[in-house]
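*Asks:* Following is a predicted model, sequence given first.
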2 protein chains.
Amino acid sequence: MNEKTIQIKEIFDPYYSAPIEVWDTFAKRLKTATFNKNEEIKLPNTTEKKLYIINKGSAGIFLWKENHPVCIDLCFENDFFGDYMSLLIQKPTPLYTVCFEETEMFYITYSDLMDLYENSKFGAKIGRIAAESLFIHKQSQQIELLTQTAEQRYKYLLSKQPHIIQRVPLKHIASYLGITAESLSRIRKKIVK
Amino acid sequence: MNEKTIQIKEIFDPYYSAPIEVWDTFAKRLKTATFNKNEEIKLPNTTEKKLYIINKGSAGIFLWKENHPVCIDLCFENDFFGDYMSLLIQKPTPLYTVCFEETEMFYITYSDLMDLYENSKFGAKIGRIAAESLFIHKQSQQIELLTQTAEQRYKYLLSKQPHIIQRVPLKHIASYLGITAESLSRIRKKIVK
DNA sequence: TTCATTACTTACCATAGGTCAATTTTTATA
DNA sequence: TATAAAAATTGACCTATGGTAAGTAATGAA
């Protein structure tokens, strides 16, 4: 049993317990790719062709707002990654994706994914489970933005990802939190005191 | 062919074209319920047992924040409705749901839904499509919160739902936009001028 | 219809966060 | 290692939105 199988099982196990052969079948469809630090994986106004799972490293999903990038997701080991909306609708979106570090990802192409969804029962199921877990994640982000201050959101992010400061530029953490880099700097100063 | 079938077809057709019999099979699983204005459908810290589709009327998904309700979704005709996260994990969440008007909904229970997902190929598929479209909706909400001012978000909401003012109390529109009722009142005053 | 309740608005002041410009620190590269 | 570029911080000032309190309008129940 290889590394991919183990990781796939780990990701889906909380949602759906299946015999290891099932995960192995899925893992066999996954290819591996590595990206350099700051490498752009998908450009704005292009169509996403792959669904990624991060094995080692980190990456972000961005969109351009007037004169600066806004980060809508920060992804780490075992996270799904990519412009999932564009992947689903197979149309260009303004979103683009970038690695923060040298990163290794597993991926499945859109056509392989659709084949999996259509031609195997467990494929259809994990497709649903993936979409559902991504929905829950997005709803959590929305609720945080609606109910927490920037300072609370920052502290919560730190508690979930303690090493994020060493791995992701603060300016991207700031835009992810919905504030400017200057505001995040002031919040950080205030917390240290 | 009944009303439910027509509506189900309308909802899913943009994502997945299927013969009418397929939609009819799904529609047969749907029951109908009506709710009074301001009726609570799911209470906080309970587990969602149904997935709803609004046929006529409107309703909101809320959570309590200190001393006031915060609306995280406003739903109208043809929208999915309910605490989808709680439905998926089958655990209580702090979210609760309320009708804004006298509302008629179609619904499927959790057990019927799981049965559909497990025992029919098209069921598995529409389960995935539903989750995917709800993900896209949530991501759009997150992007709006991160990139638009409250005034821009209000104008956009009005453009999408021109009659929302007559159908949903302003205080709930305000919390949905991430601002207070007072701030929304000022924004509205400014726009009229 | 009346009365009580809830929703909405307005005004005033407070504050979180934004903007701009300058400075320091870190990182990348020749 | 030197230098340039990028990232992060800081300060001064500004603006959108919040908090409170009051008033007005709309709604619902008796």
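*Replies:* Great, that's in hand. Bear in mind that the values here come from a model prediction, so they are computed numbers and not experimental data.

*Asks:* Packing partners of the longest helix seen in chain A?
*Replies:* Longest helix in chain A by number of residues (criterion: DSSP state H): helix A:121-147. In terms of contacts (3 or more CB pairs under 8 Å, 6 or more residues apart in numbering or on different chains; DSSP states H and E), helix A:121-147 is packed against helix A:20-28, strand A:80-81, helix A:110-119, helix A:150-160, strand B:59-65, strand B:68-75, helix B:84-89, helix B:121-147. (Each C-beta comes from the backbone N, C-alpha and C, glycine too.)

*Asks:* for the last one, what is the average pLDDT?
*Replies:* Taken as a whole, helix B:121-147 has a mean pLDDT of 96.

*Asks:* Can you point out the buried residues in it?
*Replies:* Under the neighbour-count criterion of 16 or more other CB atoms under 10 Å in any protein chain shown, helix B:121-147 has B:122-139, B:141-147 buried.

*Asks:* Make sure A:Lys50 is actually in contact with A:Thr109.
*Replies:* Yes: using CB atoms under 8 Å as the test, A:Lys50 is close enough to A:Thr109 to be in contact (5.5 Å).

*Asks:* Spatially nearest residue to A:Phe100, not counting backbone neighbours?
*Replies:* In space, A:Phe100 comes closest to A:Ser58 once its chain neighbours are excluded; the distance is 4.5 Å by CB to CB, 6 or more residues apart in numbering or on different chains.

*Asks:* So what does the one you found look like in phi/psi?
*Replies:* Backbone torsions for A:Ser58, taken as degrees, to the nearest 10, come to phi -150, psi 160.

*Asks:* interface residues of chain A facing DNA strand C?
*Replies:* Residues of chain A that fall close to DNA strand C, judged by CB under 7 Å from any atom of the strand: A:Lys37, A:Thr149, A:Ala150, A:Glu151, A:Gly178, A:Ile179, A:Thr180, A:Glu182, A:Ser183, A:Ile187.

*Asks:* And the residues you listed, which is closest to B:Trp64?
*Replies:* A:Thr149 (17.2 Å; CB to CB).

*Asks:* For B:Tyr156, see how far away the closest one is.
*Replies:* 24 Å (CB to CB, to the nearest Å).

*Asks:* swap in A:Lys37?
*Replies:* A:Lys37 sits at a distance of 36 Å from B:Tyr156 (criterion: CB to CB).

*Asks:* Please apply the same query to A:His137.
*Replies:* For A:His137 relative to B:Tyr156 (CB to CB), the value is 23 Å.

*Asks:* follow-up on the earlier one: and the residues of chain A next to DNA strand C, which are buried?
*Replies:* A:Ala150, A:Glu151, A:Gly178, A:Ile179, A:Ile187.

*Asks:* pLDDT added to these, as JSON lines?
*Replies:* Output for those, formatted as JSON lines (pLDDT from 0 to 100):
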{"residue": "A:Ala150", "pLDDT": "97"}
{"residue": "A:Glu151", "pLDDT": "97"}
{"residue": "A:Gly178", "pLDDT": "98"}
{"residue": "A:Ile179", "pLDDT": "98"}
{"residue": "A:Ile187", "pLDDT": "97"}
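
*Asks:* ok, the nearest residue to A:Asp24 once chain neighbours are set aside to B:Tyr156 distance?
*Replies:* Using CB to CB, 6+ apart and skipping residues adjacent in sequence, the residue nearest A:Asp24 is A:Thr5, 4.7 Å away. According to CB to CB, A:Thr5 stands 45 Å off from B:Tyr156.

*Asks:* out of the two, which sits in the more crowded spot?
*Replies:* Neighbour count, other CB atoms under 10 Å in any protein chain shown: between A:Thr5 and B:Tyr156, A:Thr5 has more, with 19 against 13.
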